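Engineer: quick one, what's the 3D model for this:
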Amino acid sequence: MADVYKFKVRLCELENVIWREIEITSVSSVAKLGYSILAAFESTASHLFNIRCNGKRYEIVFEEDDFDDELAIDPIKTKLSALKLRIGDKLSMEYDYGAGWEFEIELLSVTDMKRGAGTHYPYVTAGKGRGIIEDTSPYELAEIIEKTDKDNSLPKIMDMCIGEEVSWDYRKFDLEYCNVFFKDNVWKIQNAYEEYE
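Structural biologist: Got it, this is the predicted structure:
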């Protein structure tokens, strides 16, 4: 029988401004947790990421790679249940190594999954703030937030779905809208990473 893990995921440096709570099953892979975080924070998932837990690095390695002789564990083949997490345990995730996006992932609760509810997960249960802006850094996003708070100005960013620039307001997060596309976005991200592994 699978459990449901509820994680609070905070965008480091902006923890009180941009965060999500995500429910995912214990039989999901560590990689799927990563895909869920990327989808929840509106990432295009076009860069590498890793998740760290208990001194171990879980990362999809696309070619012979050497990170200071640190062994990477395959997150696709590792189920979350194998991490033996307890409530309050924290993991970290790094995305787009050049930009330096970092997330703190805290396990909030573990509950029994109801029979027949497996297709409900992963699911975003709460959140605040928009996601990240690709090809920028956390420092640049913090500047955008500060400017928006100061004079209510909104930057223009390219919306890849419609192919044009749109105003971007970090304060707008719609939980219902997020979940309408969430599972599909997780699936697309999973395919993008795993088809090219």
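Engineer: quick check: residue 39 is in a helix.
Structural biologist: Yes - under DSSP: H, G, I helix; E, B strand; the rest coil, residue 39 sits within a helix.
Engineer: quick one: it and residue 102, what's the gap?
Structural biologist: The gap separating residue 39 from residue 102 is 17 Å, by Cβ to Cβ, to the nearest Å. Every residue, glycine included, has its C-beta placed from N, CA and C.
Engineer: who's more crowded, these two?
Structural biologist: Neighbours were counted for residue 39 and for residue 102 using other Cβ atoms under 10 Å; residue 39 has more, 26 against 15.
Engineer: so who does the more buried one touch?
Structural biologist: By Cβ atoms under 8 Å, 6 or more residues apart in numbering, the residues touching residue 39 are 45, 182, 185-186, 189.
Engineer: let me have the residues you listed in JSON lines, adding neighbour count as columns.
Structural biologist: Shown next, in JSON lines, are those (neighbours: other Cβ atoms under 10 Å):
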{"residue": "45", "neighbour count": "22"}
{"residue": "182", "neighbour count": "18"}
{"residue": "185", "neighbour count": "20"}
{"residue": "186", "neighbour count": "23"}
{"residue": "189", "neighbour count": "22"}
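Engineer: look up how far residue 144 lies from the residue of the chain most remote from its centre.
Structural biologist: Distance from the C-alpha centroid of the chain, by Cα atoms, centre = their mean, peaks at residue 151 (29.5 Å). According to Cβ to Cβ, residue 151 stands 12 Å off from residue 144.
Engineer: the one helix or strand in the chain whose mean pLDDT sits lowest - contacts with which helices or strands?
Structural biologist: For the chain, using mean pLDDT, DSSP states H and E, the weakest element among its helices and strands is strand 156-159, scoring a mean of 79. Counting by 3 or more Cβ pairs under 8 Å, 6 or more residues apart in numbering; DSSP states H and E, the packing neighbours recorded for strand 156-159 are strand 164-167.
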